[in-house]
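S.K.: Sequence below, structure please.
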Amino acid sequence: MNKKSFFILLLVMTFVYGQEFTIARLHYGGGGDWYSNPSSLPNLLNYLQTHTAIKATDKEVRVKLTDEDLFSYPYLYMTGHGNVRFDEKEMIRLRTFLNRGGFLHADDNYGMDQSFRREMKRVFPDKEFVELPFEHPVFHQVFDFSKGLPKIHEHDNKPPQALAIFEDDRIIVLYTYECDLGDGWEDAEVHRDPESIRTAALEMGVNIIHFALTQ
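M.R.: The predicted model follows:
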């Protein structure tokens, strides 16, 4: 199975056969709250369906790296406030998943940064995160973000960064840091963010999905 086979198959299923796209939330170990922001992915998937030609379900899937059906879901998402830890088998599975065409979007919910970077270095010892410039296509897919990632929550008041791990010219991991898109995807009453902030978060989420499926 070559690098783009997952996404080619998914696009054929979505646009030709009418199968529905979904996001698989990664259930990881280490004690972090991988399940945080429960309304975020259903809201993002609904927004994706209403603003693009991608046929999507509004129900997320939850998977572990050791699940047999992991490779049925080429778009993984993970978030949380706490510790992330992969065991040896999980590291091998994640590395294989990504090298075979899978995509991981990791969104720091404020608190997982140190452990996530540590674990990704264990998965890919020879790779480094690269910050994406504002002109990168991920910011100009369906919606235009001329200044890069929107700032959803303040956290440490650092500028948001889109950090990527590449395999050749393909992004296999996109890490959104100091941004907290997932909070912006949640139901309005959860964080009481202004509508403009929530819209920006949802639009950027749509851009990431669209980019991942077409890069």
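S.K.: Mind listing what's buried along stretch 144-164?
M.R.: By 16 or more other Cβ atoms under 10 Å, the buried positions in stretch 144-164 come out as 145, 148-153, 155, 160-164. Backbone N, C-alpha and C define where each C-beta goes, glycine included.
S.K.: again, but for stretch 166-174
M.R.: 170, 171, 172, 173, 174.
S.K.: any chance you could map the strands in this protein?
M.R.: Here the chain has its strands, by DSSP state E, at 24-26, 61-63, 75-80, 103-108, 130-131, 161-167, 170-177.
S.K.: any idea which helix is longest in this structure?
M.R.: helix 195-214 (DSSP state H).
S.K.: So which bits of that one are buried?
M.R.: 197-198, 200-213.
S.K.: where's the dip in pLDDT among these?
M.R.: The lowest pLDDT within the buried residues of helix 195-214 belongs to residue 213, with 87.
S.K.: and residue 133, how many neighbours?
M.R.: Neighbour count for residue 133, taken as other Cβ atoms under 10 Å: 9.
S.K.: Can you tell me, leaving aside adjacent residues, what's nearest to it?
M.R.: Residue nearest to residue 133 in three dimensions, not counting chain neighbours: residue 148, with 8.0 Å by Cβ to Cβ, 6 or more residues apart in numbering.
S.K.: Could you report the separation of that neighbour from residue 176?
M.R.: Residue 148 is 10 Å from residue 176, where distance means Cβ to Cβ, to the nearest Å.
S.K.: Could you do residue 51 as well?
M.R.: 19 Å.
S.K.: Let me see the contact set for residue 116.
M.R.: By Cβ atoms under 8 Å, 6 or more residues apart in numbering, residue 116 lies in contact with 84, 106, 108, 175.
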